[in-house]
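>>> sequence and predicted structure are below.
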Amino acid sequence: MTLFDDTPHDSNEQPPAEQDASLPAASETSSSDVPGTQLAGDPISYAASVPSSYVPRRPALPEDLRISWSWPHFFVFIFFTASSFFLVQTALILYFAPHASLPPKELERYLLNKPQFLFGTNILWYAAIFLFLYVTLGVLRGVPFWSSLGWKKLKSNLSAGKANPWAYFFAGCGLAIFVFLASSQVHTNDKMPIEEVLKNRSSAMLLMAMAVLVAPLVEETVFRGYLYPLFAKSFGILPGILLTGILFGLMHGAQLAWTWGIVGLLIVVGIIFTFARAQTGTVVASFLLHLGYNSMIALATIIGTHGFTKIPTH
């Protein structure tokens, strides 16, 4: 044997076949080379045995957070939502405004007492939002529209701790009672725009109908169906719940004259709605909560105003 032999061999050495059988073969892979195999040694030995190329697998996202849209789509959605509201409202202001010029405050009061203006603004704006989501998600991406936005069957199994759908509805009613009692302690000197609407019986009845029949469907689709999955996927479930609830409360700020006590209560309501959506994996749960909440608010308003014939004033 020389130092330059490629296959050195010593006659005194045992042939490979005659090696002691009690020694493990060099070609065999020990259990320590396989990631995840339990070792008898200490944790440092285990860490050293894991190949450097091994990357721990990230936990899979819940099915309800596997969405087809991302932040670029979100920014386009925000731009479209704001611009469409401006265009719709401007067009209807020009159509319904009186010929004589009025100061801004009087013009606002005049339009808020026009049921056609309120109904037209909300319906056309909601229709534009749904059209945008349907085209950009359902048509261009070729995914099922409703199920991709979280509208999936609500599974109720009392033995597994999953509530009956009626439980969500009545829980929403109870939440409305709590908010009503808590908001009665909030004082404000500003006139809320919503109070101007309630002064007109036709406008008030139309507002209540939209609050029960339209608002839960639209707001749950946008907030809990579209926004929450994006926030939860990007920042985590808990931050997603909080962020969605905060935006939900702030959206109602203008109609409440930014009375922060009431806006804060609506933020709590939005967080509760989103928590139900996260726990069940479906928008149906938060929709039923929202439906019960708005139904109780509408019923209390009708009773408190004697059918919109006696509007309380500050």
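That came in fine, so what should we check first?

>>> what ranges do the helices span in the stretch 151-300 of the chain?
165-183, 193-199, 201-213, 215-219, 228-235, 237-251, 260-280, 283-304 (DSSP state H, counting those that start in this stretch).

>>> give the buried residues for the fourth one.
Of the residues in helix 215-219, those buried by neighbour count under the rule 16 or more other Cβ atoms under 10 Å are A215, P216, L217, V218, E219. In this view, the C-beta of every residue, glycine as well, is placed from N, C-alpha and C.

>>> could I get the residues you listed as JSON lines with pLDDT and distance to L107?
As requested, those are arranged in JSON lines below (pLDDT from 0 to 100; distance: Cβ to Cβ, whole Å):
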{"residue": "A215", "pLDDT": "94", "distance to L107": "25"}
{"residue": "P216", "pLDDT": "97", "distance to L107": "30"}
{"residue": "L217", "pLDDT": "97", "distance to L107": "31"}
{"residue": "V218", "pLDDT": "96", "distance to L107": "27"}
{"residue": "E219", "pLDDT": "97", "distance to L107": "27"}
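
>>> distance of A285 from F79?
Distance, A285 to F79, by Cβ to Cβ, to the nearest Å: 30 Å.

>>> ok, those two, which is more surrounded?
In this view A285 and F79 are compared by other Cβ atoms under 10 Å, and A285 has more residues nearby, 29 against 10.

>>> list the contacts of that one.
Residues counted as contacts of A285 (Cβ atoms under 8 Å, 6 or more residues apart in numbering) are L154, Y168, A276, R277, Q279.

>>> which of these has the most neighbours?
R277 (28 neighbours).

>>> tell me the pLDDT of that one.
Per-residue pLDDT puts R277 at 96.

>>> same question for the one 10 residues further on.
According to the predicted model, the pLDDT of F287 comes to 98.

>>> where's the nearest residue to it once chain neighbours are set aside relative to K310, distance?
Leaving out its chain neighbours, the residue that sits closest to F287 by Cβ to Cβ, 6 or more residues apart in numbering is E220, at 4.5 Å. With distances taken as Cβ to Cβ, E220 is found 32 Å from K310.

>>> please apply the same query to V269.
27 Å.

>>> so the two - more neighbours on which side?
V269 (22 against 9).

>>> what's the burial count for the closest residue to R201 other than its chain neighbours?
Spatially, and ignoring its direct neighbours in sequence, R201 is nearest to F308 (4.5 Å; Cβ to Cβ, 6+ apart). Using other Cβ under 10 Å, F308 has 19 other residues around it.

>>> swap in F275?
19.

>>> who are the contact partners of it?
I241 are the contacts of F275 under Cβ under 8 Å, 6+ apart.

>>> okay, now the unreliable bits of the protein?
Counting by pLDDT under 70, the chain has low-confidence residues at 1-59, 157-162, 188-190, 311-314.

>>> so W71 touches L230, yeah?
Yes - counting by Cβ atoms under 8 Å, L230 is a contact partner of W71 at 7.3 Å.

>>> just to revisit the earlier point, now the residue nearest to F287: how far from W151?
Distance from E220 to W151, by Cβ to Cβ: 9 Å.

>>> who's more crowded, the two?
A side-by-side neighbour count of E220 and W151, using other Cβ under 10 Å, places E220 first with 28 against 19.

>>> who's in contact with the most centrally placed residue in the chain?
Taking Cα atoms, centre = their mean, the centroid of the chain lies closest to Y228, which sits 2.3 Å from it. The contact partners of Y228, by Cβ under 8 Å, 6+ apart, come to G150, G240, I241, T244, T274, R277, A278.
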